[in-house]
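Asks: let's see this in three dimensions:
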Amino acid sequence: MLIGLSLFLFTGQIILGLLQTSSANAAQQAAGRQSQATSVEASSAGLTPVQGSIQTPTVTPNLPFFTPSNTTAPALQLAAGHYVMYQTSTHIYLISTTDNTILPLYTPDYQYDQAVHPLLTPGGQLLYTGSKGIWITDVFDQQPTQIVALDPDTLITSLALSQDGKVIAWSTEPADGVGQINIYAGPLSSPQRVLQQSSLDCPCFRIFAFLNGGTPAADSTLLLTDDRGSNEALQYGLWSLDISNPGASPQLILGEDSQQGPLALMPYSNMLLYSPYEGAVPVPSDGSVPADVAALSYADSLSLAMLSGSGPALSNSQVVLAGSGNLTNGAQNRWVTTPTFSPDGHTLAYVEFSSDTQDPYDRHSAVYTVQVNGSPPNVQVGHPQLISTTTTRLLELGPWLNSHVVTMYGDGSIYALDVQSGALTSLGHPGGYVRILAVIGTGLT
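Replies: Below is the predicted model of the structure:
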């Protein structure tokens, strides 16, 4: 009896111990599953769980841009009370840096054209073109006034404004491509025709820009390019035209035989950024790049030179980005688009991209900057520096908010990027392709 009683008590202790061990293991497994579920939930929401403490997770900005170290770009804070102007195929809009509110502008007869950009005057007025002619309106008190009437069956192919905003110039051609190409220039109140030629007699001139500077020659010297009879925004070669001389003819500055073309003028100087070679890029078949943008010629190299003399002529040329030559397969090359100088002229930013070699020929882009030191004509060009990479399929740069923050378009959205810190913010998502035109307001930090 004593032996049986002992065995009974010993067996009960064993069973109790097994039950306690099983309960502890079950509790640990449940806790582990709960911890794993919390981690997966946080990961799927873009959150980072913190070990060893209980904290509120911080949401990481989900923007398609990354620093050179492949980390998420830090958030950029913009000053309030300013606006970014952009255009779509149907309207011109302002977007606020205060709250990202989008404001449509009243622009009757507005007509989108990749080759003809609406312009903002130094006084804050907007110049835009339509099927009936050229219009001007105040941005915040919109009362559009037509200042140029267009003849029937005629297209405006380029539009330019002098640096001081006092002189306007534009070019026209017949809608069917047969007839006369005309260039007009002069004060807003009294422009005159300054050049006429047959549309069958190329170079088929369009206006690239006015010469910069504070001299009388700046307002009376046009820089022209050749579109080679295309309706797209193509520009090869460079000529000057003295509009103060009624008998003057275009004078060659930059030959177009090797597919050279002008890209941008440095602010308040006549330093010209140009490409020694421009080529065609495979057209993405997935619709990620609009047809009129895909039809452009893109630079595979960059050079900087001074436009000097009464001619003027190029001098002191420097290589900014060496080219890879005329490759048989354009998809094997790397290309440059939308190069732009900061307002102080000391930073050049551009987008460099490559294309897949197979359909759908998607593009892969990154933002680079180059520092430009010294004063024209004695400037020193630095080496290109990678600022940001992106997963967007189409990336273009727009105007600068200040000397270190540049606007960008990427896959239906507008962004602002600080090229010094890599900080980034989204200004809005208009959807569809837009072209950024101007920034209204000063003093952004």
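Asks: and the helix or strand encompassing Val194, which residues are buried?
Replies: Using DSSP states H and E, Val194 sits within strand 192-198. For strand 192-198, burial by neighbour count (16 or more other CB atoms under 10 Å) applies to 194-195, 197. For the C-beta atoms, the positions are set from N, CA and C on the backbone; glycine is no exception.
Asks: who's in contact with that strand?
Replies: With CB atoms under 8 Å, 6 or more residues apart in numbering as the test, strand 192-198 has contacts from 169, 179-186, 205, 222, 241, 243, 246, 249-250.
Asks: pLDDT (mean, whole number) over it?
Replies: On average, the pLDDT along strand 192-198 is 94.
Asks: please name the nearest non-neighbouring residue to Leu150.
Replies: Closest residue to Leu150 in three dimensions, ignoring its sequence neighbours and counting by CB to CB, 6 or more residues apart in numbering: Gly133, at 4.1 Å.
Asks: so how far is Thr154 from that neighbour?
Replies: Separation of Gly133 from Thr154 (CB to CB, to the nearest Å): 10 Å.
Asks: name the single longest strand found in this protein.
Replies: Ranked by residue count under DSSP state E, the longest strand found in the chain is strand 363-375.
Asks: element containing Tyr268?
Replies: With DSSP H and E as the test, Tyr268 turns up in no helix or strand.
Asks: next: Met306.
Replies: Per DSSP H and E, Met306 falls inside strand 302-308.
Asks: tell me how far that strand lies from the chain's centre.
Replies: Between the centre of strand 302-308 and the centre of its chain there are 22 Å (CA atoms, centre = their mean, to the nearest Å).
Asks: buried residues of it, list them for me.
Replies: Residues of strand 302-308 classed as buried: 302-307 (neighbour count, 16+ other CB under 10 Å).
Asks: again with stretch 170-190
Replies: Neighbour counts over stretch 170-190 (16+ other CB under 10 Å) mark 170-173, 181-186, 188 as buried.
Asks: burial measure for Thr347, as a count.
Replies: Neighbourhood size, Thr347 [other CB atoms under 10 Å]: 20.
Asks: could I get the contacting residues of the closest residue to it other than its chain neighbours?
Replies: In space, and not counting its chain neighbours, Thr347 is closest to Thr369: 5.5 Å by CB to CB, 6+ apart. Residues near Thr369 by CB under 8 Å, 6+ apart: 347-350, 384-385, 387, 419.
Asks: from those, which would you call buried?
Replies: For these, buried by 16+ other CB under 10 Å: 347-350, 384, 387, 419.
Asks: tell me the one of those nearest Pro282?
Replies: Closest approach between those and Pro282, by CB to CB: Tyr350, at 20.0 Å.
Asks: so what's that closest one bridging to?
Replies: With DSSP bridges applied, Tyr350 shows beta-bridge pairing to Tyr368.
Asks: swap in Ala75?
Replies: With DSSP bridges as the rule, Ala75 is bridged to Leu424.
Asks: distance of it relative to Thr425?
Replies: Ala75 sits 6 Å away from Thr425, taking CB to CB as the criterion.
Asks: more crowded one of the two?
Replies: Neighbour count, other CB under 10 Å: between Ala75 and Thr425, Thr425 has more, with 20 against 12.
Asks: OK, contacts around the more buried one?
Replies: 75-78, 415-416.
Asks: all helices of the stretch 151-300 of the chain, in order?
Replies: Taking DSSP state H, counting those that start in this stretch as the test, the helices found in the stretch 151-300 of the chain are 216-220, 291-294.
Asks: now swap in the stretch 1-150 of the chain and tell me
Replies: For the stretch 1-150 of the chain, applying DSSP H, counting those that start in this stretch gives helices covering 2-44.
Asks: give me the neighbour count for Leu252.
Replies: Residue crowding around Leu252 was assessed by other CB under 10 Å; the count is 14.
Asks: gap between the residue lying closest to it once chain neighbours are set aside and Gly410?
Replies: Closest residue to Leu252 apart from its sequence neighbours, by CB to CB, 6+ apart: Trp239 at 5.6 Å. Per CB to CB, Trp239 is found 35 Å from Gly410.
Asks: gap between Glu232 and Pro360?
Replies: 21 Å.
Asks: now swap in Asp164 and tell me
Replies: Distance of Asp164 to Pro360, given as CB to CB: 46 Å.
Asks: now swap in Thr98 and tell me
Replies: 38 Å.
Asks: the more surrounded of those two?
Replies: The neighbour count for Thr98 versus Pro360, taken as other CB under 10 Å, is higher for Pro360 (15 against 12).
Asks: check contacts around that one.
Replies: By CB under 8 Å, 6+ apart, Pro360 lies in contact with 284-286, 288.
Asks: first-to-last residue distance for stretch 285-298?
Replies: End-to-end span of stretch 285-298 (CA to CA, to the nearest Å): 18 Å.
Asks: outside of it itself, list whatever touches it.
Replies: For stretch 285-298, contacts defined as CB under 8 Å, 6+ apart pick out 114, 232-234, 236, 259, 261, 278-281, 283-284, 335-337, 359-363, 393-394, 411, 433.
Asks: confidence score at the closest residue in space to Leu307 that isn't next to it in sequence?
Replies: For Leu307, ignoring the flanking residues on the chain, the nearest one in space by CB to CB, 6+ apart is Asn270 at 4.0 Å. Confidence at Asn270, expressed as pLDDT, is 92.
Asks: these two touch, right, Asn270 and Phe210?
Replies: No: assessed by CB atoms under 8 Å, Asn270 is found out of contact with Phe210, at 10.4 Å.
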